[in-house]
Structures are given as C-alpha cells and as structure tokens.
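> Sharing a model prediction with you, sequence too.
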Amino acid sequence: MNIKRVKSKNIKCLNEIITLEKKIFGDGGVNIWFLQPLSEYQLVYQCLNPSFVAYAILLKDIKTPKKAYLFSFGVSLESQNQGIGKEFLKKLIDELNELGFNHLELTVSPKNKVAIYLYKKTMKLVSSEFIKHCYGEKEDREKLCFEL
C-alpha cells in the first residue's frame, strides 16, 4: 500500500476522489470547485493498493497550528472491512507527524460505528463532544480529538 499527496494540477486523481466521495457521502461530497483549492493549499491524499482505494482530505487548524482536521476520509466500498482504512490511517498519522502535527480532530456521525471504532482503535483519544444538529436538523456529529 502506498499513499501519495495529490496536488491541484492532478485533475484525474481529484476526479477519482470526487467520484468515491459522492458514492460514500452523496450530496455531502465535495466537488472540483472545493477539492482543487483544498489540494493546493491543504492536504489531500490518495491510498493506492495497487490502484486507488481510499482518500483523505485534511485541513490545517489556524487556531492550533500543530492540529490537523480530518475533513473527509473514505475507503471504496469494495475495499472496506479488509484493514485498508486502518493501514491508510496509520500511514497518514506518520505523514502528519513528519509535517509537525501532534493532534488530529474530526467529526463523525454517531451512527457510523465502524468509523468511530476505527478512529478510537488506531489513535489515542484525548477528548470527545456530541454536537446536536451540527449540519442541520437530525445531522448530529461526534467531535473527536486524538493525540498523534
């Protein structure tokens, strides 16, 4: 398994991420108008095993420079439940450590028990907070902060 950082000029990779994001998150997925600048000014990664199987979009926290925010993380439906998400997350943690980050924050649907289990099993939980109606009516989220 390899991970690679995707830059804004790689439209083919950006479109692969957008396609997978839409399959996983539907209307909540990013489009090229968001992903292109995110890939230029933030951190966007693809996971290859050997072909594209997962992605991560991370934002630098401007209030806490050593903290990254996991904006989106997805594994293709065909590649789920094979340990790929866990291995990819571990490689991302190594990458973030090399870049000087020491904390990772994210929000996740409380209904997404598989993702919550993955995050808590792979990283050291520092804090959690339930946010009711985070994205509107009945769109609650669990805000989790981890030490890397």
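Received, thanks.

> going forward, measure contacts between C-alpha atoms and count neighbours the same way
OK.

> following the strand or helix carrying K12, which helix or strand shows up next?
In the assignment (DSSP states H and E), K12 maps to helix 11-25. Moving toward the C-terminus from helix 11-25, the next helix or strand (DSSP H and E) is helix 32-41.

> residues in contact with that next one?
With Cα atoms under 8 Å, 6 or more residues apart in numbering as the test, helix 32-41 has contacts from 6-9, 11, 14-15, 18, 44, 57.

> Now with 6 Å, please.
7-8 (Cα atoms under 6 Å, 6 or more residues apart in numbering).

> relative to helix 11-25, how tilted is it?
120 degrees (axes from the mean of the first three to the mean of the last three Cα atoms, to 10 degrees).

> Need the phi and psi values for the nearest residue to V53 once chain neighbours are set aside.
Using Cα to Cα, 6 or more residues apart in numbering and skipping the chain neighbours, the partner closest in space to V53 is S76 (5.4 Å). Reported as degrees, to the nearest 10, the phi and psi values for S76 are phi -60, psi 150.
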